[in-house]
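In: just need the structure, nothing else, for what follows:
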Amino acid sequence: MDVLADWTDQTRRDFRERITRTTHNLHTSPLFSEEAVERLIEIHPREYADFATMDETGSRSSWKTGDPGKLSGKELIRAVKSGRLWINLRNLFGIHDEYRALLDQMFEELQDENPGFHPVRILGGLLVSSPQAKVPFHMDRTDTMLWHISGKKRVFVYPHHDEVATDEEREEVLLHAFNDELVHHPEAEKHAKCFDLEPGEMICWPLHTPHRVENRGTLNISLATEYTTPEARQLNNAMYFNGVMRRRFGWQPPRIAETHGLNRTVRYVAGALMRKAGVTVPVETPHEGGYRFEIDPDAPLGVRA
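Out: This next block holds a predicted model:
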């Protein structure tokens, strides 16, 4: 089975430069049947699995971490179907050989279709989420591709625009150990592009593009892959340098989009050295530790305190 179904000349031009939406064949693979996903949830190491719920707004502050207990994969899927739950099976490709083989094929096809595309680190996880689940407004530190497999998902994608997120707000994500949420300004919505994904569709966008997600009344299964390129590593380190200098010394650097050539290279090298030396700034930890709820397939929204 080929993974990429319709990679056209236009797709090739847009890939990593603009919002790119195309089709794939992963939803036809038995590796992603509901029964296979139930088994995968059951056997996947719990230390590499996230179980979360959120309120109807989907804001990051409402997200809580849950304990799946000893529930079977079938019971957990039943809770997801009736609740407002989000499961992320992290490091999927590093743990399960059959999925690693599929990942290798996916990125071999991507490199064949896109000369010059050379990712240096590839990770990914399986996302299983409820009909009412939402993912808040955020940006990813790495290039990300969302491969939709089952259900209906609405994705809101925003441009690199100061009314959406300033450089200072983007830097905050890179300076934080794990938090990826951005401040959601109401005026950002006029810039949003909305995409309704069906099974067999993939969407991706340029690095650091803000986005948010809403499920549309069905159980959702998606594969999220993230990868790093030398160019992305350089940009992240340059922004890290700007963030530290801004917060420690009050320096106001020029917009990162206006920084090129030697100027960008100096910041990249300085940022890399800062990270290696552990130079950072204090950032607020937005989440409380520990489990905040237990999953219960028979409880309202699939959870109990």
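
In: let me know whether residue 304 touches residue 297 as I believe.
Out: No - under the criterion of Cβ atoms under 8 Å, residue 304 makes no contact with residue 297, lying 10.6 Å away. (C-beta placed from N, C-alpha, C; glycine too.)

In: so between the two, which is more surrounded?
Out: residue 297 (18 against 12; other Cβ atoms under 10 Å).

In: quick one: the strands in the stretch 51-200 of the chain?
Out: Using DSSP state E, counting those that start in this stretch, the strands found in the stretch 51-200 of the chain span residues 64-67, 85-89, 121-129, 134-138, 143-150, 153-157, 193-197.

In: give the other helices and strands that the first one contacts.
Out: Using 3 or more Cβ pairs under 8 Å, 6 or more residues apart in numbering; DSSP states H and E as the contact definition, the elements that strand 64-67 packs against are strand 49-53, strand 293-295.

In: ok, of the ones you listed, where does mean pLDDT dip lowest?
Out: In terms of average pLDDT, strand 293-295 trails the rest of those, at a mean of 90.

In: sheet partners, orientation included, of the helix or strand following it?
Out: Later in the chain than strand 293-295, the nearest helix or strand by DSSP states H and E is strand 303-304. In the sheet, strand 303-304 lines up against strand 293-295 (antiparallel) (DSSP bridges).

In: now residue 91: how far from residue 232?
Out: 20 Å (Cβ to Cβ, to the nearest Å).

In: looking at those two, which is more packed in?
Out: Neighbour count, other Cβ under 10 Å: between residue 91 and residue 232, residue 232 has more, with 20 against 15.

In: how many neighbours does residue 35 have?
Out: Close neighbours of residue 35, defined as other Cβ under 10 Å, add up to 11.

In: tell me the phi and psi of it?
Out: phi -70, psi -40 (degrees, to the nearest 10).

In: show the pLDDT at it.
Out: On pLDDT, residue 35 comes in at 96.

In: from the chain's centroid, how far away is stretch 81-96?
Out: 13 Å (Cα atoms, centre = their mean, to the nearest Å).

In: list the buried ones in it?
Out: Across stretch 81-96, burial judged by 16 or more other Cβ atoms under 10 Å covers 81-90, 92-93, 96.

In: dump these to TSV, plus distance to residue 44.
Out: Shown next, in TSV, are the buried residues of stretch 81-96 (distance: Cβ to Cβ, whole Å):
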residue	distance to residue 44
81	19
82	21
83	19
84	21
85	15
86	15
87	9
88	10
89	5
90	9
92	8
93	12
96	8
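
In: can you put the residues you listed in TSV and add pLDDT?
Out: Shown next, in TSV, are the buried residues of stretch 81-96 (pLDDT from 0 to 100):
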residue	pLDDT
81	94
82	87
83	82
84	90
85	95
86	96
87	97
88	97
89	97
90	96
92	96
93	95
96	97
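
In: residues contacting residue 151?
Out: Counting by Cβ atoms under 8 Å, 6 or more residues apart in numbering, residue 151 touches 131, 199, 215, 216, 218, 219, 220, 221.

In: please redo it, this time with the cut-off set to 10 Å
Out: For residue 151, the contact set (Cβ atoms under 10 Å, 6 or more residues apart in numbering) comprises 128-131, 197-199, 215-222.

In: could you dump the strands of the stretch 51-200 of the chain to TSV with distance to residue 101?
Out: Rendered in TSV, the data for the strands of the stretch 51-200 of the chain read as follows (distance: least, Cβ to Cβ, whole Å):
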stretch	distance to residue 101
strand 64-67	31
strand 85-89	17
strand 121-129	13
strand 134-138	28
strand 143-150	16
strand 153-157	26
strand 193-197	25
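
In: pretty sure residue 32 sits against residue 92.
Out: No - using Cβ atoms under 10 Å, residue 32 is not in contact with residue 92; the gap is 11.2 Å.

In: of the contacts of residue 151, buried ones?
Out: By neighbour count, with 16+ other Cβ under 10 Å, the contacts of residue 151 hold 128, 129, 130, 131, 197, 199, 215, 219, 220, 221, 222 as buried.

In: how much space between the fourth one and residue 25?
Out: Taking Cβ to Cβ as the measure, residue 131 falls 25 Å from residue 25.
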